[in-house]
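1. Model the structure of this input:
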Amino acid sequence: MKLQKLIYYAHGWCLALTNKPLINEQVEAWQWGPVIPSVYHEFKACGNAPIKGSRYTDVTVVPRGSDGKPKFLFSKPTLDESTAEGKTAKSIVDKVWSEYNKFSAIQLSAMTHRPGSPWDITWNKNGGSARRGTDIPQETIRAHFSRATTGTPND
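-> Purely as a prediction, here's the structure:
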């Protein structure tokens, strides 16, 4: 869960500071907060244990197979630090790590659940029961983290 929240925070800050996403995947509102589905599928077997020996992968969802289930293709993610955009993204990820890593998974989850947060807005739009797969709009995430840069954050 902590990895989910750290990636979510890095993505949110990247949207706010550069107006570009860090990840090329939609963040979803699940019961326990914002979830990046590929990260969930990659690391769910780890549970609450430390992540060891993972492939550290990115995922691409391809059309449903004959069994009706989506297929997940895994590949290593890259961050091109030779470009200004890549250097900025790396700087944001490093800053998020240094600022948010001190919090536990539970604390980070509670922060994402605060009233007015992107998860809260999306989750409560459907009476507090958004079904799995409900996207948290990128613009909602960007606006939330942008407010934090002006001193009016909700978290």
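2. Could you count how many residues lie near Thr149?
-> 11 (other Cβ atoms under 10 Å). Every C-beta, even on glycine, is put in place using the N, C-alpha and C of the backbone.
3. mind listing what it touches?
-> Shown in contact with Thr149 (Cβ atoms under 8 Å, 6 or more residues apart in numbering): 16-17.
4. redo that, cut-off 6 Å
-> Ala16 (Cβ atoms under 6 Å, 6 or more residues apart in numbering).
5. Any figure for the gap between it and Ala16?
-> As for Thr149, its distance to Ala16 is 6 Å (criterion: Cβ to Cβ, to the nearest Å).
6. Please give the element, helix or strand, for Trp20.
-> Heads up, residue 20 is Lys, not Trp. Assigned by DSSP states H and E, Lys20 belongs to no helix or strand.
7. Now it: phi and psi?
-> For Lys20, the backbone dihedrals (degrees, to the nearest 10) come out as phi -130, psi 140.
8. Find the nearest non-adjacent residue to it, please.
-> Excluding its sequence neighbours, the residue lying closest to Lys20 (Cβ to Cβ, 6 or more residues apart in numbering) is Cys14, at 6.5 Å.
9. Wait, Pro34 touches Glu25, no?
-> No. Contact criterion Cβ atoms under 6 Å: Pro34 and Glu25 do not qualify, at 11.6 Å.
10. which one of the two has more residues nearby?
-> Counted by other Cβ under 10 Å, Pro34 and Glu25 do not tie: Pro34 has more neighbours, with 25 against 17.
11. Quick one: name whatever helix or strand follows the strand or helix carrying the more buried one.
-> For Pro34, the host element (DSSP H and E) is strand 33-35. Sequence-wise, the next helix or strand downstream of strand 33-35 (DSSP H and E) is helix 37-43.
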